[in-house]
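[1] The following block contains a protein sequence and its predicted model.
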Amino acid sequence: MFPNHLINQFLARDPMNRAAIQAFEGKVILVCIQKPTVNVLARFEQGEISLSTGHTTDADITISGSVSGFLHYLTHGMDNHALRESGISMTGDPDLILQLNDWMRTLDCDWEGVLAELTGDVFARQVTHHAKGICRWLKGQKHDATHAFSAYLTDEIQAVPSQEEADAFYDEIKEAQFAVDRLDARMAGKQGKNA
């Protein structure tokens with residue numbers, strides 16, 4: 001199912017990739033893609049990566065996220081910031097996760113170039129362009145959905161106060177606290193006079 005030989009040929013071009021793959025020798029990474037649910041196992045054996053579908057309980061690292069999250073991560077520099085924004089979670093051996101993150105950050109991958117070798121330049125450019133467009137659209141949809149949900153909670157069902165109502169309520173609490181402090185100071189002053 002997976003073009004393992006093509007992936008390994010691509011990774012073998014860069015000596016840093018070969019060294020990173022050797023560091024993961026004998027390790028298993030489980031990638032869980034959600035909606036649609038696809039589990040991909042990456043086994044590092046004999047200096048190569050072998051990808052297959054399936055599930056395992058003995059993975060050294062489990063990486064979970066949505067398709068859009070993985071696309072965002074791959075197209076936005078694969079750094080810590082892109083990882084946080086993508087919603088991808090990583091669990092397992094913390095040292096191995098750090099090592100994987102370091103490798104991914106230094107992985108200089110021209111995904112469009114890789115795809116172009118398989119499909120041709122024009123198709124690869126179109127796929128890359130559309131993948132980036134889909135990521136932008138999904139990000140916009142997430143923002144719109146968050147705004148719509150917030151408006152629904154505050155305006156439609158009035159489950160939570162609006163920002164203005166919350167600010168006014170907070171101001172009232174501050175004023176009440178000041179009034180209590182002034183009253184407390186007056187009471188302390190009167191007690192001091194009576195003593």
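    Thanks, I have it.
[2] Going by C-alpha atoms from here, please, whenever you check contacts or count neighbours.
    Noted.
[3] what's the neighbour count on Glu48?
    Taking other C-alpha atoms under 10 Å as the criterion, the count of residues near Glu48 is 21.
[4] go on, Ile63?
    Ile63: 19 neighbours (other C-alpha under 10 Å).
[5] ok now do it, which residues does it touch?
    Ile29, Leu30, Val31, Cys32, Ile88, Ser89, Met90, Thr91 (C-alpha atoms under 8 Å, 6 or more residues apart in numbering).
[6] Can you pull out the low-pLDDT segments for this protein?
    1-2, 77-78, 108-111, 135, 195 (pLDDT under 70).
[7] could you pull out the helices for it?
    4-12, 15-23, 67-75, 80-86, 94-106, 111-119, 121-151, 163-194 (DSSP state H).
[8] so which of the ones you listed comes closest to Ala59?
    The closest of the helices of the chain to Ala59 is helix 94-106. By C-alpha to C-alpha, the value is 11.4 Å.
[9] List the contacts of that closest one.
    With C-alpha under 8 Å, 6+ apart, helix 94-106 has contacts from Asn17, Ala20, Asp60, Ile61, Gly77, Met78, Asp79, Asn80, Met90, Thr91.
[10] List the buried residues of that helix.
    For helix 94-106, the neighbour count (16 or more other C-alpha atoms under 10 Å) marks Leu96, Ile97, Leu100, Asn101, Trp103, Met104 as buried.
[11] Sounds good, over and out.
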